[in-house]
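[1] need coordinates for the below:
(2 chains)
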Amino acid sequence: MRFQRLVAQIRKEILSVLRDPRTRAVLIGPPLLQLFVFAFAATLEVENVSLAVLDLDGGKWSHELVQRVRATRMAGDVLVVESHDALAEAVDARRVLAAMAFQPDFSRRIEAGLPADVQIVLDGRRGNSAQIALGYLQSIVAELNADLAVLRGGRPPRTIAIDVRHWFNPNLEYLWFTVPSLVGILSMFSALIITALSIARERELGTFEQLLVSPASPLEIIAGKCIPAVVIGTVLGSVMLAAGIFLYRIPFTGSVLLLYAALVVFILSVVGVGLMISSISRTQQQAILGAFSAGVPLVLLSGFATPVENMPPVLQALAQADPLKHFLVIVQGSFLKALPPDVVLETLVPILLIAAVTLTAALFFVRGRLE
Amino acid sequence: MHGEAAIVLDGVAKRFGTTWALSGISARIEPGRLTGIVGPDGAGKTTLMRLMGALLAPTEGRIEVAGRDTVRDAEEIHVLAGYMPQRFGLYEDLTVQENLDLHAKLRGLSAAERERAFAEVLAFTELGPFTGRLAGKLSGGMKQKLGLGCALLARPRVLLLDEPSVGVDPLSRRELWDIVRRLAAEGMTVVWSTSYLDEAERCDDVLLLDEGRIEFAGPPGELRERVAARSFLILDVDDRRRDVLRRALDLPGVRDGVIQGRAVRVVLAGADGGAADAARAAPLAPDGAALAAVDALARAEGGTMRQVAPRFEDAFIDLLGGGPGGRSPLAERMEPVRLDTEIAVSCRHLTKRFGTFTATDDVTFDVRTGEIFGLLGPNGAGKSTTFKMLCGLLRPTSGRAEVAGIDLARAGGDAKQRVGYMAQKFSLYGLLSVRQNLKFFAGIYGIAGALRRRRIDEMVETFELGRFLNSSPNELPLGFKQRLALACALMHRPAVLFLDEPTSGVDPITRREFWMHINGLVRKGVTVLVTTHFMDEAEYCDRVAMIHRARLIALARPDELKAAAASAENPAPTMEDAFIAMIESHAGVEERAA
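    Reported below is the predicted structural model:
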């Protein structure tokens, strides 16, 4: 019987979300838009880029590399500069997007089979194009490395290491950082909005009282609101996850199972916040405003835009209570760093605590509305 | 000026999208008279008001207000006509005076004019002592008076009031009415739209709209006279009145029937079997066969039949084609329910305070199993608060509220399983389809599988919801919305039914159908507790509790309350008269006590 009631509520909640054009727009519009924006930015072809070359080496291998770069469609004018100052000036004045600098011993070290560095300087102000240009340069270097390996009969590749310096924007954020973070941010906002609207909508339309006089207990009502939000949040998170892996081909190195476990706990912690907002909102409008006034600080404190380490101590402490901050560690780590399971579980503990606190508080808030 | 109409409507029609809200409206509204625009919900009243206020342009035809065309001279009409919409645009965070100032400035009154207008308006509306109060803190009646005051600032020649009495308690309604009466007497043209038929009856003229067409235009007395010889009361059928009503309505030739206290009121068809059509002015004799059949029914039940003076409502229902029949297919299908206590609902010293405000003050009463119990009172009197405590939606500050001996606010699912609840304005899930709503309400009461299918099919069949199954409840005609709400509240077969203003905003015909079902349910043993601000609906109740200013001021049978209010000048008072008399005597008691 109990199960029946819960199923009825969950079905009702999911139907209300899916059948309401406004909620649909809020939930599906922004993720699609973001996917689009990133996809668009990502497929931007970078052609005829001006490059500067500072060749202090003047040897065979630096010449070889510059020629290979010149041969691509990416490279336009190649400006040959004579000093580091001239190189800096060219980037400063935006005459070039990227510059390559070779040390005097570059060719010699390669001949000797030692690692050699080529320094690439990028104009961080044009982050996206610079990043793409860097991608090209990296693949050209990789090719050369491979050729060198063949020449030497299978000796370790990667003789030439790229030493990248981003000028003007040292913390340059890229797709590889942004898309994994979006998994967290989007599922957070969707769960927040769904739950914030859930009770407020019923109160506005007068159906909440109908629910309260039914045999469903407050705990059941809350569960009936949580589960749909978790389901929808997880689905949206999965879409972004899939986009990151298959569309942007970001290397996923962690455990999918652990990431999903973390995602569900994370959404639950947000759901508690959403329910609290909902129980004090009288209209859906108030609920949406409430969801954003909670969601924006959560994102700002999460370290998504600015590193938590750079925040004043008070905010750093506050950030510890932000479930998104912890979840971002897990999701970014799962993508790029092959975060070991014990670290994931360790990071999951604060999220679990936050979820316990917000859900308990939500139960009290919703019960309190009965007074 | 004599003989010249204040408002001339000439072949007016208005279309929204593909639906015609109004068509073929031609009428003259005379100056210095109070004209009522009357009709059921969705008849086109508000559209007509907005057309006359030059806020909408007619699709066809033309409208002249004080000699000016509403399309060509819209600006001029905005100046010389005062329009008060259903929800007047008061700024709730401004004081009474600040609201008046604002409207005076919007109207472009000079400083000297303003002073004069304020003095006049404040005297008229008796709002003088409250100028410093925030508009949001005024009662519903005072808000309407302030709205009226704002509309009156520029001394309009024509005053258009769109349902000014909705949500206003009976006392304030009378005050508002008196103000408007005086204005009309001074020569102002007043148009008052309403769905209250007792208000319509007191207008000088009425325009009766139905489905966008004028069904009647003229003095209300003229319409009433059409059923002059056809209104009857069946007396002395006290205990069996619901049964008598049901059977009477199923007799051929009975146009309408309602419970009136201990009696049953019926309106019979005219002698030729048809309704009075608009062209026929002379009253028809009642249909002979129908008269004989009703008389036989009355005798069989040990009662007597007596011809009575017609009411406007009798004629209104007759004109619109008669009320619904007496059968409730719902009740016929339902198996009887039993509650093993004599007292279904009870409360003892029930009190609820919100901060310093006391919403319910020491209320005590019992609702007996199997009766219809009405909780009556103006908006804001505390009846909703009391009601919510009874069904467990609010915790009392002190005192007890119980249903079948159990406090619902603390009760588990089993106790709540016995209770059905229908919220104000048919609270249904607009985002879900009709079918999904039925499924949800079945599910939330733990009805599953084959039983769920059976109960849903049964409700769909009984209430003829079949063709709406996939549409949203919001798109349903009001009558069907009400049926759906009732279906959702009844699928789990509750023994006690709580109805919170179930008929608010519903036209008289739909209200009749609703009460037919309620009467049927009571026959099956269901106990019904209902709140309403329609005083005439109290007639359907076995007993009513009157709530005024948070307190229970009377608890009696409707007839007893009316009898108590009878006086030499008003020998047959309505429920509303009784209510007002009760409040006035109560106020007297309070003053003496103080």
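[2] alpha carbons only for contacts and neighbour counts from here, please
    OK.
[3] tell me the secondary structure for B:Gly430?
    Three-state assignment for B:Gly430 (DSSP: H, G, I helix; E, B strand; the rest coil): coil.
[4] and for B:Pro40?
    B:Pro40 - assigned by three-state DSSP - is coil.
[5] ok, now B:Leu499?
    Classification of B:Leu499 using three-state DSSP returns strand.
[6] ok and the residue in the stretch 151-300 of chain A nearest chain B?
    A:Pro215 (3.8 Å; C-alpha to the nearest C-alpha).
[7] give the contact list for that residue.
    B:Gly412, B:Gly413, B:Asp414, B:Ala415, B:Lys416, B:Gln417, B:Ile444, B:Tyr445 (C-alpha atoms under 8 Å, 6 or more residues apart in numbering or on different chains).
[8] can you tell me which of those are buried?
    In terms of neighbour count (16 or more other C-alpha atoms under 10 Å in any protein chain shown), the buried residues within the contacts of A:Pro215 are B:Gly413, B:Ala415, B:Lys416, B:Gln417, B:Ile444, B:Tyr445.
[9] look up the closest residue to the fifth one, ignoring the ones flanking it.
    Just to be clear, that refers to B:Ile444. Setting aside the residues directly before and after it, B:Ile444 is nearest to A:Arg5 in space (C-alpha to C-alpha, 6 or more residues apart in numbering or on different chains), at 4.3 Å.
[10] returning to that earlier point: so can I have a markdown table of the contacts of A:Pro215 showing secondary structure, pLDDT and distance to B:Gly141?
    Output for the contacts of A:Pro215, formatted as a markdown table (DSSP: H, G, I helix; E, B strand; the rest coil; pLDDT from 0 to 100; distance: C-alpha to C-alpha, whole Å):
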| residue | secondary structure | pLDDT | distance to B:Gly141 |
| --- | --- | --- | --- |
| B:Gly412 | coil | 71 | 40 |
| B:Gly413 | helix | 75 | 40 |
| B:Asp414 | helix | 78 | 42 |
| B:Ala415 | helix | 81 | 39 |
| B:Lys416 | helix | 84 | 36 |
| B:Gln417 | coil | 87 | 39 |
| B:Ile444 | helix | 90 | 39 |
| B:Tyr445 | coil | 90 | 40 |
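[11] present these as CSV; the columns should include distance to A:Leu345.
    As requested, these are exported to CSV (distance: C-alpha to C-alpha, whole Å):
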residue, distance to A:Leu345
B:Gly412, 38
B:Gly413, 39
B:Asp414, 42
B:Ala415, 44
B:Lys416, 43
B:Gln417, 44
B:Ile444, 37
B:Tyr445, 40
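[12] could you report the pLDDT at the residue of the stretch 101-250 of chain B at minimum distance from chain A?
    Nearest to chain A, among the residues of the stretch 101-250 of chain B, is B:Gly136, at 16.8 Å (C-alpha to the nearest C-alpha). pLDDT, B:Gly136: 79.
[13] count of neighbours near it?
    Counted with other C-alpha atoms under 10 Å in any protein chain shown, the neighbours of B:Gly136 add up to 15.
[14] if we can go back for a sec, can I get the strand or helix carrying the residue nearest to B:Ile444 in CSV? Just the C-alpha atoms.
    Per DSSP states H and E: A:Arg5 is located in helix A:2-19. Taking C-alpha atoms only, helix A:2-19 is exported to CSV below (Å, rounded to 0.1, in the frame of the first residue of the first chain):
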residue,chain,number,x,y,z
ARG,A,2,2.7,2.4,1.1
PHE,A,3,4.7,1.6,-2.0
GLN,A,4,1.6,2.2,-4.2
ARG,A,5,1.3,5.7,-2.7
LEU,A,6,4.9,6.5,-3.3
VAL,A,7,4.8,5.3,-6.9
ALA,A,8,1.8,7.4,-7.5
GLN,A,9,3.6,10.5,-6.2
ILE,A,10,6.8,9.8,-8.1
ARG,A,11,4.8,9.3,-11.4
LYS,A,12,2.9,12.5,-10.8
GLU,A,13,6.0,14.5,-10.0
ILE,A,14,7.8,13.3,-13.1
LEU,A,15,4.8,13.9,-15.3
SER,A,16,4.4,17.5,-13.9
VAL,A,17,8.0,18.2,-14.9
LEU,A,18,7.8,16.7,-18.3
ARG,A,19,4.4,18.1,-19.2
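[15] buried residues in it?
    A:4-18.
[16] so what's the residue of chain B at minimum distance from chain A up against?
    Residue nearest to chain A within chain B (C-alpha to the nearest C-alpha): B:Gly413, separated by 3.8 Å. Residues near B:Gly413 by C-alpha under 8 Å, 6+ apart: A:Ser214, A:Pro215, A:Ala216, A:Ser217.
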